[in-house]
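>>> this is a predicted model, with the sequence first.
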Amino acid sequence: MEVLTLVALVAFSATVAGLARRTPVPAPLLLVAAGLAASYVPGVPAYELDPHIVLPLVLPPLLYTAAVDSSYLDLRANLRPVALLSVGYVLFATLAVGYAAYLLVPGLPLTAALVLGAVIAPPDAVAATAIARKLGLPNRITTILQGESLVNDATAITAYKVALAAVIGEGAGWAGGFGEFLLASVGGVGVGLVLMVPIHHLRTRLREPLLQNTLSLLIPFVAYAAAERVHASGVLAVVVVALYLGHRAWQVDFATRLQEGAVWKMVAFILESVVFALIGLQLPVVLQGLGDYEGGEAVWYAVALFLAVVVARFVWVFPATFLPRVLSARIREREPGTDWKSPVIVGWAGMRGVVSLAIAFSIPMALDDGSPFPYRNLILFLTFTTVIFTLVIQGLTLPPLIRALRLPQRDVQAETLAEAQAQSEASRAAEERLAELLADPGNALPPPLADRLRSVLERRRNAVWERLGETNPVTGESADEIYRRLAREMIEAEREVFVALRDQRRIDDEMLRALLRRLDLEEAAAYREETA
């Protein structure tokens, strides 16, 4: 891919993703639609998904940033439903959808049908996380969907390898397939466990934020490559390392956390935007070679297979939700109760994405004996249409479905109260520590500076409680929000003076940068960014 072509793709994707933030439509859906429209524009180059780029270079950082932001404790608390979806459902979908394709398409070998089933079995990590974030789903549902999407790619890739070996004639039967699955899963987790502690140790020993963030950018690729080197699951290795590092991120210094957060937000934004735009841009590529299917035959197969995918997920999700609770009193005691609404949402939130397309494009053109891979072009087309149908149909209808079901929303008041209580406990500990330190003659401070430390601490403690209080009748803001807004206005006034002094040549640019950085840090402390 030429440099200008790649730059144009990134610029186009970022622009559409930026526009999506001003609309109620989730960015993945708008990006796919824009990619589909752009594929019809004359002069737009053919962007063919290269699995040798997507799987080792795009998938690891996307999984890493999603796993780092996930809660290890929440995932552990929901391990059973996550495992049933990320492993059980993917294997079930491989068999069920594959067999449906075998019955649907005349002449399609069962082994090739199972390859197709494995390819479109896993819901997409990026799509699930992005849409769940946008919709504000209840915490437990979001955790289950995120946990499923972090692990299911490993299951699907392994199932694909086993099915592909059967097509080529190198399959070792069910025992061999189970052995390969065991090696991939246990090996991937093992590699992650081996790497996570030394990587975290190195992160806490480095004192230069630039070096720490350089290491952070390398971690997902190192974990993925190390696992794949021993024929284990690179996906699981990345997820294990990322969950550990995210759980212990508080042990890294603040400068690294601030810089790392900004860096990974940018990386995730660019990669997510590009991969969804690429999905839409694949239309010209997947339409090649479909001349044998006239009169909408391939479209009929696509619609029928999409319905099979949807039905298979519901067939798995409902029994997997309720049957364990019926059979096990321990599960009923340990896990919160649920009704029919949650499995409906989980069942409908099965969007497929770029991983399915990347795996499909990795299907070889020919077998070892030189004969063409059976129905490869049709498999590519059916994978593409399944991804598009699930993203567009399920993605667009998921918000109204959630509204219609009236799922319980997050209790913002309760969350703010819990935050205020946590801040109060932390502030008391800080006050006691400050008193101990000031009692030491070696820490003697002039009274104004000591009072300033106390006032900063008091301000931090009161800020959360103020969000629970009354709002300004004119602006509708809480006292904390007014405080932060006024602080930013004061800082902006200082910033304008510094720039004017530089323009008057009374200070140089180096001094300006130092002064502006100080103001930037104060602004970051005074104003807490609200994230979606």
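Great, that's in hand.
>>> and the longest helix for the protein?
Assignment by DSSP state H gives helix 173-205 as the longest helix of the chain.
>>> how far away is residue 164 from residue 392?
Per C-beta to C-beta, to the nearest Å, residue 164 is found 29 Å from residue 392. From N, CA and C alone the C-beta is placed, and that goes for glycine too.
>>> which element is the most centrally placed residue in the chain on?
Residue closest to the average C-alpha location in the chain (C-alpha atoms, centre = their mean): residue 66, at 3.6 Å. Element membership of residue 66 [criterion: DSSP states H and E] is helix 59-68.
>>> C-terminal to that helix, what's the next element?
Toward the C-terminus from helix 59-68 - assigned by DSSP H and E - lies helix 72-77.
>>> now that following helix: how far from the chain's centre is it?
Offset of helix 72-77 from its chain centre (C-alpha atoms, centre = their mean, to the nearest Å): 16 Å.
>>> and if you look at stretch 256-276?
11 Å.
>>> number the residues from 48 up from this point.
In the new numbering, first residue 48, that becomes stretch 303-323.
>>> list the buried residues in it.
Buried residues in stretch 303-323, counted by 16 or more other C-beta atoms under 10 Å: 303, 307, 311, 314-316, 318-323.
>>> sort those residues by pLDDT and name the bottom one.
pLDDT is lowest at residue 303 among the buried residues of stretch 303-323; the value there is 83.
>>> which residues does that residue contact?
Listed by C-beta atoms under 8 Å, 6 or more residues apart in numbering, the contact set of residue 303 reads 250, 256, 259-260.
>>> next one: phi and psi at the closest residue to residue 357 other than its chain neighbours?
Closest residue to residue 357 apart from its sequence neighbours, by C-beta to C-beta, 6 or more residues apart in numbering: residue 397 at 7.3 Å. Residue 397 has phi and psi values of phi -110, psi 50 when expressed as degrees, to the nearest 10.
>>> residue 397 against residue 168, yeah?
No - using C-beta atoms under 8 Å, residue 397 is not in contact with residue 168; the gap is 9.9 Å.
>>> who has more neighbours out of those two?
More crowded of residue 397 and residue 168, by other C-beta atoms under 10 Å: residue 168, with 30 against 26.
>>> the more buried one: which element?
Applying DSSP H and E, one finds residue 168 in no helix or strand.
>>> excluding chain neighbours, what is closest to it?
Per C-beta to C-beta, 6+ apart, closest to residue 168 is residue 140, 4.0 Å.
>>> and if you look at residue 157?
Using C-beta to C-beta, 6+ apart, the closest residue to residue 157 is residue 149 (5.0 Å).
>>> before we move on, what about residue 67?
Using C-beta to C-beta, 6+ apart, the closest residue to residue 67 is residue 74 (3.8 Å).
>>> before we move on, back to that, roughly how far apart are the residue nearest to residue 168 and residue 272?
Residue 140 is 28 Å from residue 272, by C-beta to C-beta.
>>> these two: which is more packed in?
Between residue 140 and residue 272, residue 140 has the larger neighbour count (other C-beta under 10 Å), namely 27 against 14.
>>> and the residue lying closest to residue 283 once chain neighbours are set aside, what pLDDT?
In space, and not counting its chain neighbours, residue 283 is closest to residue 235: 3.0 Å by C-beta to C-beta, 6+ apart. If you check residue 235, the pLDDT there is 94.
>>> what count of nearby residues applies to residue 235?
Residue 235: 29 surrounding residues under other C-beta under 10 Å.
>>> buried ones in stretch 65-84?
Quick answer for stretch 65-84 (16+ other C-beta under 10 Å): 67, 72-83.
>>> okay, it in PDB with CA atoms only?
Only the C-alpha atoms of stretch 65-84 are listed here, as PDB (Å, rounded to 0.1, in the frame of the first residue of the first chain):
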ATOM      1  CA  GLY A  65     -14.900  12.700  14.400                       C
ATOM      2  CA  LEU A  66     -18.200  13.500  12.700                       C
ATOM      3  CA  ALA A  67     -19.700  10.400  14.300                       C
ATOM      4  CA  ARG A  68     -19.200  12.000  17.700                       C
ATOM      5  CA  ARG A  69     -21.700  14.700  16.700                       C
ATOM      6  CA  THR A  70     -24.400  12.100  15.800                       C
ATOM      7  CA  PRO A  71     -26.300   9.500  17.800                       C
ATOM      8  CA  VAL A  72     -25.000   6.800  15.500                       C
ATOM      9  CA  PRO A  73     -22.100   4.800  16.900                       C
ATOM     10  CA  ALA A  74     -18.800   5.500  15.100                       C
ATOM     11  CA  PRO A  75     -18.300   1.900  13.800                       C
ATOM     12  CA  LEU A  76     -21.600   1.900  11.900                       C
ATOM     13  CA  LEU A  77     -21.000   5.300  10.300                       C
ATOM     14  CA  LEU A  78     -17.400   4.200   9.300                       C
ATOM     15  CA  VAL A  79     -18.700   1.000   7.700                       C
ATOM     16  CA  ALA A  80     -21.300   2.900   5.800                       C
ATOM     17  CA  ALA A  81     -18.800   5.600   4.700                       C
ATOM     18  CA  GLY A  82     -16.400   2.800   3.600                       C
ATOM     19  CA  LEU A  83     -19.200   1.100   1.500                       C
ATOM     20  CA  ALA A  84     -20.100   4.500  -0.100                       C
END
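>>> which other helices and strands does the helix or strand hosting residue 482 contact?
Using DSSP H and E, residue 482 maps to helix 459-486. If contacts are counted by 3 or more C-beta pairs under 8 Å, 6 or more residues apart in numbering; DSSP states H and E, helix 459-486 sits against helix 494-514.
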